[in-house]
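**Student:** Quick one, fold the following:
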Amino acid sequence: MGIGALVRSFLKVGLVGFGGGSALIPVVEKEVVAQTGLLPPETFEEHVIVANLTPGALPVKLGAAAGGTLLGPAAALAGAFAVALPGVLGTVLLLTALSGFAGEAALYLEMAAAGILVFIGLILTHYIQGVQKNARRDGFGGVALAVTLTAFTLTAGKEMYALARLLLPFTVNILPNKPIFDLSAIHVLLLAIFIIVITSIRPNRTDGAATKSSPQHNGFAAKPMLITLALFLGIPLVLGAVCVFAGAADAGFYGKAALSAVTSFGGGEAYVAVAEGSFVGEGLGFITREALYTRLLPIANALPGPILVKLLAGIGYDVGYTAGGLGMALLSAAACMCIGIGATCAVFVPVHAAYRRFSGLSVFTRLRRFILPVVCGLLLTTMLSMAESILHTAQASGLSPYAGLAMMAVLAIAGHLLAKKARLPDVLCVLLLGGLSLGFLLAARII
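**Tutor:** Numbers count the residues shown, from 1 in each chain. Down below sits the predicted model:
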């Protein structure tokens, strides 16, 4: 089996894999285990376990793991890029086509995005419900719910203020100027990871990694692992330096891009919250919330492949376009794609090696257990931001905030019926709800 077969398999996954994140696991398994036999089932299961324990784009990690296991460092790089490339190219092409939209045309796009955002909200709700259900099954449902609500409380201050002022204008004179809690998603995730790691250290007590009964493996040899890391880190460093030198953005932006990838646990949906905390808001100013939720996110969700890499490439495109037009936008998008892939795999590769050698380490199971409830809290905050964006679009179309809420409820019911009852593919649901919201808001303007 050559590297060409690996690349073809993961390009195919990148072309047909809608939904991103965990939704692509069965797609990858069908391609590399059932159809081509590139990996035995037990090896693929190992890759899935470690991919779920580490941050970043899950399909990218599976591509890197398959390539590295089969053919070494160069194939790891090829597998990771192959699964991400179709979606990123589609994102860049759509952004380029829409870059001239302004005025009325931009408003029409925002109207259609309202329905898409509602459907994304349904996906996020289903994800949160699944995490909480699994926590209850594993016997820590109460703790998981408390962690979720704590993360939500720490991050949702700004969003709750904005919604209160939209729906209850009299609160402007009642609420303080700034919310009590308004931490960024990255700060909350880093705090959670720190607590999990610290509480996993138990002096004078052996854990699964040290017991004779724990399964141990040889792990990756040091030299191939270091070469793989050098490839995944070297390419984004070079491209990022070129972008900084050309004036697309400063080094801080590309540093945040890397940090956002390595602090994104829980799949593509979770990255939305991390992206907002990293690039949107007071003191950041890289992109606006409207650009994130009404243009970049709908495009990323309407295309196949890993959402994290598509969204990060789209953010890089916007930042580069603002700095120097189309050429700079394409360069910055390419750099951000490589940064997202490189940062993801730079964490995954050594953790995969450690897992193979010390699969009983308690820190791995604790990360998996407690990070996802934290992510759920961040997603609740993200859903508030999405609701705020939809209500602003409704107001611009002539609807009152309460009529906007009613429209959101109708769209949510329609989305549930399309996805759960009619069992339509997500991409078709996105298109139908986008058209429905566009029709609602155009009718409101005419009336």
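**Student:** can we go C-alpha only for contacts and neighbour counts from here?
**Tutor:** OK.
**Student:** who does whichever helix or strand G277 is part of touch, helix- and strand-wise?
**Tutor:** Using DSSP states H and E, G277 maps to helix 268-279. Contacts defined by 3 or more C-alpha pairs under 8 Å, 6 or more residues apart in numbering; DSSP states H and E place helix 268-279 against helix 185-200, helix 251-262, helix 307-357, helix 362-396.
**Student:** Show me what counts as buried in it.
**Tutor:** Buried positions in helix 268-279, judged by neighbour count with 16 or more other C-alpha atoms under 10 Å: 268-279.
**Student:** so that helix versus helix 185-200, what angle?
**Tutor:** Per axes from the mean of the first three to the mean of the last three C-alpha atoms, to 10 degrees, the angle that helix 268-279 makes with helix 185-200 is 110 degrees.
**Student:** Now the element after helix 268-279, going C-ward?
**Tutor:** helix 289-291.
**Student:** Any buried residues in that next one, and which?
**Tutor:** By neighbour count on 16+ other C-alpha under 10 Å, the buried set for helix 289-291 is 289-290.
**Student:** what packs against it?
**Tutor:** If contacts are counted by 3+ C-alpha pairs under 8 Å, 6+ apart, helix 289-291 sits against no helix or strand.
**Student:** same question for that helix, mean pLDDT?
**Tutor:** Confidence over helix 289-291 (mean pLDDT, whole number) is 84.
**Student:** What lies in contact with whatever helix or strand comes next after it?
**Tutor:** Where DSSP H and E defines the elements, the next helix or strand beyond helix 289-291 is helix 297-302. For helix 297-302, contacts defined as C-alpha atoms under 8 Å, 6 or more residues apart in numbering pick out 18-19, 87, 91, 94, 113, 116-117, 272, 307, 310-311, 427, 430.
**Student:** Mind checking the pLDDT average for helix 297-302?
**Tutor:** Mean per-residue pLDDT for helix 297-302: 80.
**Student:** For it, what is the distance to the chain centroid?
**Tutor:** In terms of C-alpha atoms, centre = their mean, to the nearest Å, the centre of helix 297-302 is set 11 Å apart from its chain centre.
**Student:** do the same with stretch 48-63
**Tutor:** Distance, stretch centre to chain centre, for stretch 48-63: 12 Å (C-alpha atoms, centre = their mean).
**Student:** Buried residues of that stretch, list them for me.
**Tutor:** By 16+ other C-alpha under 10 Å, the buried positions in stretch 48-63 come out as 48, 50-63.
**Student:** Which of these fall in strands?
**Tutor:** The members of the buried residues of stretch 48-63 all map outside strands under DSSP state E.
**Student:** Okay, and which of those residues map to helices?
**Tutor:** Counting by DSSP state H, the part of those found in helices is 48, 50-53, 58-63.
**Student:** Report the two of those separated the most.
**Tutor:** Greatest spatial distance among these (C-alpha to C-alpha): L53 and G63, at 15.7 Å.
**Student:** Return the most buried member of the helices and strands packed on helix 268-279.
**Tutor:** helix 307-357 (a mean of 25; mean count of other C-alpha atoms under 10 Å).
**Student:** Which elements pack onto that helix?
**Tutor:** Packing partners of helix 307-357 (3+ C-alpha pairs under 8 Å, 6+ apart): helix 41-53, helix 58-71, helix 73-98, helix 222-246, helix 251-262, helix 268-279, helix 297-302.
**Student:** Now the closest residue to L442 other than its chain neighbours. Its backbone dihedrals?
**Tutor:** Of all residues not flanking L442 in the chain, S397 sits nearest, at 7.3 Å (C-alpha to C-alpha, 6 or more residues apart in numbering). Main-chain torsions, S397, degrees, to the nearest 10: phi -90, psi 0.
**Student:** need the contact list for S397.
**Tutor:** Contacts for S397 (C-alpha under 8 Å, 6+ apart) come out as 441-442, 444-445.
**Student:** circling back: nearest to L378, out of the helices and strands packed on helix 307-357?
**Tutor:** Comparison of the helices and strands packed on helix 307-357 against L378 by C-alpha to C-alpha identifies helix 268-279 as nearest, at 5.9 Å.
**Student:** what's next to that closest one, contact-wise?
**Tutor:** Under C-alpha under 8 Å, 6+ apart, the answer for helix 268-279 is 20-21, 57, 124, 184-186, 256-257, 260-261, 263-265, 284-287, 289, 292, 297, 306-308, 312, 375-376, 378-379, 381-382.
**Student:** All set now, cheers.
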